[in-house]
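J.: this one's sequence-less:
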Ligand SMILES: O=C1CCCN[C@@H]1CCCn1cnc2cc(F)c(F)cc2c1=O
Ligand SMILES: [Mg+2]
């Protein structure tokens, strides 16, 4: 059966699995946590890659490729960084039948692969800033339930690794990259995100601070980390001895570093936010096919010449759209009915369908049908390009607006602990005053978990998602992380959200159940 059996609001997990397989995005694979990316999803990854590459090249970031294997020595250069990650590191231990003398790890991320080379290359501040990015795959043998795109043991990403002479330059780049990530979500994928800083508990331990874009899946009320941009300070440069002369005269200075990454998880978030019970709903800016042209009304009684005329007319529609840089295809398959084709291309989420039949030909008109809200619009043949480009923009905007509205109505600002738990169980995110202490965050997570009396399972408690740059009580978003960490120093009346915590709040923090 072509269509979906599962309904998105009834059985989200089955719906997701059916949508990604029946639309031709994913094929399952016999290694747990690994999936095949078929053209319909890989083409979207290529468009994301094209967008990011253009922007980072303009920022002076250069492409490169480092080996995927890393020695134990390099990987464990600094114990603190690696300890809690060690269980998910995959190792190559044999070659053929023989054990390898020195097993090598498969990169879970490339700091420890790249920074020994940075130490070799960087001697003088004249060689700074060094900005490299690689598009590759990484392996993390996670044990939590794998989910295509969202949590996989191998995934594709880009990882940017930059080194600067001063902290100021580095900190400026962190936020420029974060803004680019927010645009990938909002301008390409039509997914609204919240920009912020991770708390001490949630940040990357190897860095100084982690900034993040957080997305929201309203169907199950869960938040998901969309991409990260870390300021590493001098932690890694001290570990790997990456220091240069020429900054402080006669002295050597450890460089200031950033690392930033966005993964194929982006595709899963887009599917979950926009998909419906007929299948994918693709934002036009990333849709591999934006318009599908389907001839209609071809009946057996129609003469061969009439059929030929109709097909030629459809072909000219396709040609004209192609010339105007619209990603368009025709579906002239004679052995499929128009109805079958409507379902097929709706399942694949193509933003606009053109139905073109004898009557359209006579009246010199074209019928456009929107995938997101099924609105039909009949337009004059000679207004085709204007109407299609205008409709594509309208679809893109309305997908973002609808998702923004959903996000906004699911964020509750609460200062009371009972209200916090109540709203959390109503699939909402919470914006609450928080003291920032890791052990307090542990308590919040534990005390907001819910025992489901029906089946005795436990629903996870609330995690901190980020300290939003847009803080309540502040008119404009903060511009620096230092500022964010100090905003309550003055008027410090607010108590931490957690009832038994005596600390004063330091800032408002976004909490929620998450992936
Ligand atoms: O998140 C990014 C962006 C791109 C470059 N790397 C940073 C930090 C990655 C943090 N991280 C994340 N996961 C890890 C998993 C491991 F098995 C492991 F050995 C190390 C890590 C690890 O360092
Ligand atoms: Mg992880």
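T.: That came through, no problem. Please read all numbers here as calculations on a predicted model, not as lab measurements. Ligands and ions are numbered 1, 2, ... in the order given.
J.: Can you check the pLDDT for residue 491?
T.: Note for residue 491: predicted pLDDT of 65.
J.: One more: residue 2?
T.: At residue 2, the model reports a pLDDT of 66.
J.: likewise residue 78?
T.: With respect to pLDDT, residue 78 has a value of 77.
J.: Just give the number of residues close to the residue lying closest to it once chain neighbours are set aside.
T.: Spatially, and ignoring its direct neighbours in sequence, residue 78 is nearest to residue 239 (4.4 Å; CB to CB, 6 or more residues apart in numbering). Bear in mind the C-beta positions are built from the backbone N, C-alpha and C, glycine included. Neighbours of residue 239 under the rule other CB atoms under 10 Å: 19.
J.: I figured residue 239 hits residue 79, correct?
T.: No: counting by CB atoms under 8 Å, residue 239 sits too far from residue 79 to count as a contact (10.2 Å).
J.: Spell out which parts of the stretch 251-400 of the chain neighbour ligand 1.
T.: Within the stretch 251-400 of the chain, the positions lying close to ligand 1 (CB under 6 Å from any ligand atom) are 259, 260, 261.
J.: in what helix or strand does the closest residue to ligand 1 within the stretch 151-300 of the chain lie?
T.: Closest approach between the stretch 151-300 of the chain and ligand 1, counting by CB to the nearest ligand atom: residue 261, at 3.0 Å. Secondary structure assignment for residue 261, by DSSP states H and E: strand 256-263.
J.: Over to residue 178?
T.: Counting by DSSP H and E, residue 178 is found in helix 167-183.
J.: In terms of secondary structure, what does that helix contact?
T.: The contact analysis (3 or more CB pairs under 8 Å, 6 or more residues apart in numbering; DSSP states H and E) places helix 167-183 against helix 39-58, strand 154-164, strand 194-197, strand 209-217, strand 222-233, strand 256-263.
J.: check contacts around residue 447.
T.: By CB atoms under 8 Å, 6 or more residues apart in numbering, the contact list for residue 447 reads 421, 461, 498.
J.: What is the burial count for the first one?
T.: So the one you mean is residue 421. Using other CB under 10 Å: residue 421 sits among 20 other residues.
J.: Next up, phi/psi of it, please.
T.: Main-chain dihedrals, residue 421, degrees, to the nearest 10: phi -70, psi -40.
J.: neighbours of the closest residue to ligand 1 within the stretch 101-250 of the chain, just the number please.
T.: Taking CB to the nearest ligand atom, ligand 1 has its nearest neighbour within the stretch 101-250 of the chain at residue 108, 3.3 Å off. Neighbourhood size, residue 108 [other CB under 10 Å]: 20.
J.: Over to the one 3 residues further on?
T.: By other CB under 10 Å, the residues close to residue 111 number 28.
J.: Also the one 10 residues further on?
T.: As a burial measure, the neighbour count of residue 121 was computed by other CB under 10 Å and equals 11.
J.: I figured it was touching residue 128, is that so?
T.: No: counting by CB under 8 Å, residue 121 does not reach residue 128; the two are 10.4 Å apart.
J.: how about the residues of the stretch 1-150 of the chain near ligand 1?
T.: 82, 85, 88, 89, 108, 109, 111, 140.
J.: ok now do the third one, which residues does it touch?
T.: Read that as residue 88. 108, 140, 141, 142, 143.
J.: Counting neighbours, what do you get for residue 297?
T.: By the criterion of other CB under 10 Å, residue 297 has 14 neighbours.
J.: Residue 23 versus that one, what's the distance?
T.: 27 Å (CB to CB, to the nearest Å).
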